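Student: no sequence for this one, just the structure:
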């Protein structure tokens, strides 16, 4: 049995979150006064954070999908069948905030799983409601690096490209036309480039400590975790950065890891 002090299961990708924004109430189904809208023909907002299988995805934005990108044991990269597997949050895991707090949200009904519907390797929940531990309201270095928006010109190029794409089909598509009409609000065009949500970040770090299930299947890493779990206590931590939320596309970036730590 391989012993370890720490295993990190890293993930990265694009999430969808269809939600109303300030100054609308969190349960506003369409978006009236805020900078996000559910346009004609689209379903009501639900605030659910979808790591995969988006609902009514919009055109001209990054494809939604979050998966396991690498695994380390005691800091060393390892090869395992978990790499490439989907990671998903629960069907009702969503952000909840109070109007005018601007990104200082909690994760309600947190659940997480690795694998597909037919082949789950790891799953668990949080017994306490997680609050974000860090909030970078503007100018996040991680957001700049990941999006490639590092200057006012980069931001201008990003916005202009989106406008051109929406214009290319707006005569034929009512959603693209509505998005174009709302683009000043959804992408915060009249706000200084480095103070827009595209360059903001929220970090969450909290225990996964409820209803934990492990199924090794073809994964040596899960097998190691299970074997060690029989001999010593372990802590599972969910550590994630949600950042670069795109109010036009209703998507954002997420990166992080599930940390498994042996406790003597």
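Tutor: Done, it's in. Please read all numbers here as calculations on a predicted model, not as lab measurements.
Student: what segments of the stretch 101-250 of the chain are strands?
Tutor: For the stretch 101-250 of the chain, the strands defined by DSSP state E, counting those that start in this stretch occupy 106-108, 111-116, 119-125, 134-136, 201-207, 210-214, 233-246.
Student: identify each buried residue in the fourth one, please.
Tutor: By that I understand strand 134-136. For strand 134-136, the buried set under the neighbour-count rule, 16 or more other CB atoms under 10 Å, comprises 135-136. To be clear about C-beta, it is placed using only N, CA and C from the backbone, and glycine gets the same treatment.
Student: and if you look at the last one?
Tutor: Residues of strand 233-246 classed as buried by neighbour count (16+ other CB under 10 Å): 234, 236-246.
Student: swap in stretch 76-96?
Tutor: Using 16+ other CB under 10 Å as the test for burial, stretch 76-96 gives 78, 80-83, 85-90, 93-95.
Student: show residues contacting it.
Tutor: If you take CB atoms under 8 Å, 6 or more residues apart in numbering as the criterion, stretch 76-96 is touched by 9, 11, 17, 19, 26, 46-52, 65-72, 105-116, 121, 125, 217-222.
Student: now do the helices in the stretch 151-264 of the chain.
Tutor: Using DSSP state H, counting those that start in this stretch, the helices of the stretch 151-264 of the chain run over residues 152-169, 174-186, 220-229.
Student: for residue 259, find the nearest of these.
Tutor: Minimum separation from residue 259 across these (CB to CB) falls at helix 220-229, 11.4 Å.
Student: any idea what the spatially most central residue of the chain is bridged to?
Tutor: For the chain, the residue whose C-alpha lies nearest the mean C-alpha position (CA atoms, centre = their mean) is residue 254; its distance is 3.9 Å. On the basis of DSSP bridges, residue 254 takes part in beta bridges with residue 13, residue 242.
Student: re the thing from before, closest to residue 153 out of the buried residues of stretch 76-96?
Tutor: For the buried residues of stretch 76-96, the residue nearest residue 153 by CB to CB is residue 95; the value is 31.3 Å.
Student: so what sits opposite that closest one in the bridge?
Tutor: For residue 95, the beta-bridge assignment (DSSP bridges) gives partners residue 107.
Student: any idea how far residue 175 is from it?
Tutor: When CB to CB, to the nearest Å is applied, the distance between residue 95 and residue 175 equals 23 Å.
Student: over to residue 87?
Tutor: In this view, residue 87 and residue 175 are 29 Å apart by CB to CB.
Student: what does stretch 111-123 contact?
Tutor: Contacts of stretch 111-123 with the rest of the structure, by CB under 8 Å, 6+ apart, involve 9, 68, 82, 85-91, 93, 124-125, 208, 211-217, 219, 222, 225, 238, 258.
Student: name the nearest residue to residue 222, sequence neighbours excluded.
Tutor: Using CB to CB, 6 or more residues apart in numbering and skipping the chain neighbours, the partner closest in space to residue 222 is residue 216 (4.3 Å).
Student: I'd guessed that neighbour sits against residue 227; true?
Tutor: No: using CB atoms under 8 Å, residue 216 and residue 227 do not qualify as a contacting pair, with a distance of 9.1 Å.
Student: more neighbours, those two?
Tutor: Relative neighbour count places residue 216 above the other of residue 216 and residue 227, with 16 against 13, counting by other CB atoms under 10 Å.
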